[in-house]
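Peer 1: Turn this into a structure:
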Amino acid sequence: LIARAAFDALADHVALLDSDGCVLEINRAWRQFAARASSHPRGAVVPVGRDFVSLHHGEVKDAKGVSLNDGLNGVFHGERESFVYEYSEERDGQKFLFEVRVTSCKDCDPVCAVVVRQDISARRELENEREEIARELWAQQGLFGQVLRQMPSGVIIAEAPSGKMVMENARVAQLLRHPFIPAGNIEEYRQYRGFYLDGRAVPPEEYPLARSLMHGETVSSQDIEYLCGDGVRRTFRLSSAPIRDRDDKIVAAVTLFNDVTEQRRHEEELRRSEERYQLAAAAGKVGVWEWEVGAEELFLAPNLKALLGYSEEELPDRMDAWCSLIHPDDKDKAIAATQEHLDGNTPQYEVEVRRRHKDGEYRWFLARGYALRRENGEPYLLVGSDTDITEHKRHENLLRESEERLRLGLDAGDTGTWDWDILHNRLSWSERVFEFHGIRPEEFSGTVEDFVRVVHPDDVGWVQQEIQRCIEEKALYQAEFRVVHQNGDVRW
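Peer 2: Below you'll find the model as predicted:
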């Protein structure tokens, strides 16, 4: 009874296969999932009694390209201990991604293999942020006891109400790096030297196994640090559940755990990376977006919506809503830039457009992105960012207006401007200076020597001395001299 209840209490989908590859038994989680509305051509498929391979549609391979048939045959014939692959199914309009592990079960006749199917949809959606690797399968006797010993997770079973540990699998000692400690009661759980993530020691009665025994709690994915036998403190993710008899009395409890030290490290790195991005995004007025080419929906980061004055709910993640914010005069160039990049004619998507703020005003944005392409070059995903450059545009306009006012002022005052790149001996004149000397721009080589040729011969030496003094003393250059106009006139 306890073994059967434990088998059905597991959150992961678990199935037992015979030597012909047919499903002998599945747990409650799998049965419930199979009964949901399915996109499978045959509708909801209850797998018991069916050939396991026939439950899949489409070609299935593992990460190394080994097919499902070949992988199962390898497990059944003892050529490999396990076969792991990923497989997706759709239920109630929702797509689920599973990691499926088929493990050989030696000396478990009539069971030939154990299938553990774990939902990894959320983990993949968060770009492998989290890896839910707990495999909840345990048993106390007979067939399920043999299955228990094949499990990759550490499993401990304790009886109620004493808390005495009555069964464990070999993975417990392997994970904790010391022999199994057969605690005789809950108080002796202290010997496992557990710590909360804030450094506090875990009291015996607060271990997940004790909570399930004492209060009937079902504990899911609690992280606890353990001082292992090799002196290293590692993080383990524990789950536990009470086992009840027909009268609903707690008769035992089971805890399952895995080492998630590396996973926690990656999660922390990801968290810090996200924090750095959020700070950078807030400082740089930039927000990211992602569009599956051809789809009606897209992803708009919350801070991108905020740049336009919208909350997460006010601006839907739809292409039509997003495009409706573009200024009418900018739509054609935005569409053209997008198509040029998708066609492979530009290295990146880049365009400046105005988008309408919630307050009705338009703001300038620099949109940049890159297309992800399949092996044949076909784009399937466009990812990028929009940066608010409104202030930059405003300064550009102010600078342009200032330059125009300066030009008008210089023209009105009969004044010309020039600058000299001393290092490369390049002299630039404004249009007015050319008029002063009666020289067309194409007749001027842009060197100081060309300038000296238009200086009156009697003033050349003094002008050259003044230039040299200015360079050596880093002083203001100021000189009055005569120039010879192209028509022969001498002008000051």
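Peer 1: Which helix or strand in this structure has the lowest average pLDDT?
Peer 2: The helix or strand of the chain with the poorest confidence is helix 142-148; it has a mean of 58 (mean pLDDT, DSSP states H and E).
Peer 1: which other residues reach the helix or strand just after that helix?
Peer 2: The C-terminal neighbour of helix 142-148 among helices and strands, as given by DSSP states H and E, is strand 154-159. Among residues not part of strand 154-159, those counted as contacts by C-beta atoms under 8 Å, 6 or more residues apart in numbering are 6, 137-138, 140, 148, 164-169, 171-172, 174-176, 183, 209, 213, 236, 251-258. Every residue, glycine included, has its C-beta placed from N, CA and C.
Peer 1: could you redo the last one with a cut-off of 6 Å?
Peer 2: Counting by C-beta atoms under 6 Å, 6 or more residues apart in numbering, strand 154-159 makes contact with 138, 165-169, 171-172, 175, 209, 252-257, all of which sit outside it.
Peer 1: Now do that strand, average pLDDT.
Peer 2: When pLDDT is averaged along strand 154-159, the result is 90.
Peer 1: what do you get for stretch 241-253?
Peer 2: Per-residue pLDDT over stretch 241-253 has a mean of 88.
Peer 1: Likewise for stretch 418-437?
Peer 2: Average pLDDT, stretch 418-437: 80.
Peer 1: Could you report the neighbour count for the closest residue to Arg244 other than its chain neighbours?
Peer 2: Ranked by C-beta to C-beta, 6 or more residues apart in numbering and with sequence neighbours excluded, the top spatial neighbour of Arg244 is Ile250, at 5.7 Å. With neighbours defined by other C-beta atoms under 10 Å, the count for Ile250 comes to 17.
Peer 1: didn't Ile250 look like it was pressed against Ser240?
Peer 2: No - because the distance of 11.9 Å does not satisfy C-beta atoms under 6 Å, Ile250 is recorded as not touching Ser240.
Peer 1: Residues in contact with both of these two, list them for me.
Peer 2: Counting by C-beta under 6 Å, 6+ apart, Ile250 and Ser240 have no shared contacts at all.
Peer 1: tell me the phi and psi of Tyr439?
Peer 2: Actually, residue 439 is Ile rather than Tyr. Comment: the main-chain dihedrals of Ile439 come out as phi -110, psi 140, following degrees, to the nearest 10.
Peer 1: Against Trp364, how distant is it?
Peer 2: Distance, Ile439 to Trp364, by C-beta to C-beta, to the nearest Å: 41 Å.
Peer 1: Report the contact partners of His215.
Peer 2: His215 makes contact with no residue, according to C-beta under 6 Å, 6+ apart.
Peer 1: Make 83 the starting number, not 1.
Peer 2: Fine by me, first position is 83 from now on; the one you just mentioned is His297.
Peer 1: Tell me how far it lies from Ala242.
Peer 2: For His297, the distance to Ala242 equals 11 Å [C-beta to C-beta].
Peer 1: so where's the stretch 333-482 of the chain shaky on pLDDT?
Peer 2: Residues of the stretch 333-482 of the chain meeting the criterion pLDDT under 70: 352, 355-366, 481.
Peer 1: What ranges does it have for its helices?
Peer 2: Assigned by DSSP state H, counting those that start in this stretch, the stretch 333-482 of the chain shows helices spanning 343-366, 384-389, 401-405, 413-424, 472-494.
Peer 1: picking that back up, who's in contact with the residue nearest to Arg326?
Peer 2: With C-beta under 6 Å, 6+ apart as the criterion, the residues that contact Ile332 are 242, 298, 324, 326.
Peer 1: 7 Å instead?
Peer 2: Listed by C-beta atoms under 7 Å, 6 or more residues apart in numbering, the contact partners of Ile332 are 242, 295, 298, 324, 326.
Peer 1: In helices, which of those appear?
Peer 2: When DSSP state H defines the helices, the subset of those inside them is Leu295.
Peer 1: Most neighbours among the contacts of Ile332, please name it.
Peer 2: When neighbours are counted as other C-beta under 10 Å, the busiest of the contacts of Ile332 turns out to be Leu295, with 27 neighbours.
Peer 1: Now that residue. Nearest residue, chain neighbours left out?
Peer 2: Of all residues not flanking Leu295 in the chain, Ala335 sits nearest, at 4.5 Å (C-beta to C-beta, 6+ apart).
Peer 1: For that neighbour, give its distance to Phe158.
Peer 2: 34 Å.
Peer 1: can you count the residues close to the residue nearest to Leu295?
Peer 2: For Ala335, the number of neighbouring residues by other C-beta under 10 Å comes to 28.
Peer 1: next one: phi and psi at Val248?
Peer 2: Dihedral angles for Val248 - degrees, to the nearest 10 - are phi -110, psi -10.
Peer 1: what's across from the nearest residue to it once chain neighbours are set aside in the sheet?
Peer 2: Sequence neighbours aside, Glu241 is the residue nearest to Val248 in space, at 5.3 Å (criterion: C-beta to C-beta, 6+ apart). Judged by DSSP bridges, the bridge partners of Glu241 are Ala334.
Peer 1: Leu454 now?
Peer 2: Leu454 has the following beta-bridge partners by DSSP bridges: Leu463.
Peer 1: Let me see the contact set for it.
Peer 2: Going by C-beta under 7 Å, 6+ apart, Leu454 touches 461-463, 465.
Peer 1: I figured Leu257 was touching Val342, is that so?
Peer 2: No - judged on C-beta atoms under 7 Å, Leu257 makes no contact with Val342 at a distance of 10.7 Å.
Peer 1: Neighbour count: these two, which is higher?
Peer 2: Under the neighbour definition other C-beta under 10 Å, Leu257 and Val342 were set side by side, and Val342 has more, 22 against 18.
Peer 1: so the residue nearest to that one when sequence neighbours are not counted is in which element?
Peer 2: When the adjacent residues along the chain are set aside, Val342 lies closest to Arg319, with 4.5 Å between them (C-beta to C-beta, 6+ apart). Arg319 is part of strand 315-326 when elements are defined by DSSP H and E.
Peer 1: got the buried residues for that strand?
Peer 2: Along strand 315-326, these residues count as buried under the neighbour rule (16 or more other C-beta atoms under 10 Å): 316-326.
Peer 1: Check stretch 283-293 too.
Peer 2: By neighbour count on 16+ other C-beta under 10 Å, the buried set for stretch 283-293 is 284, 286, 288-293.
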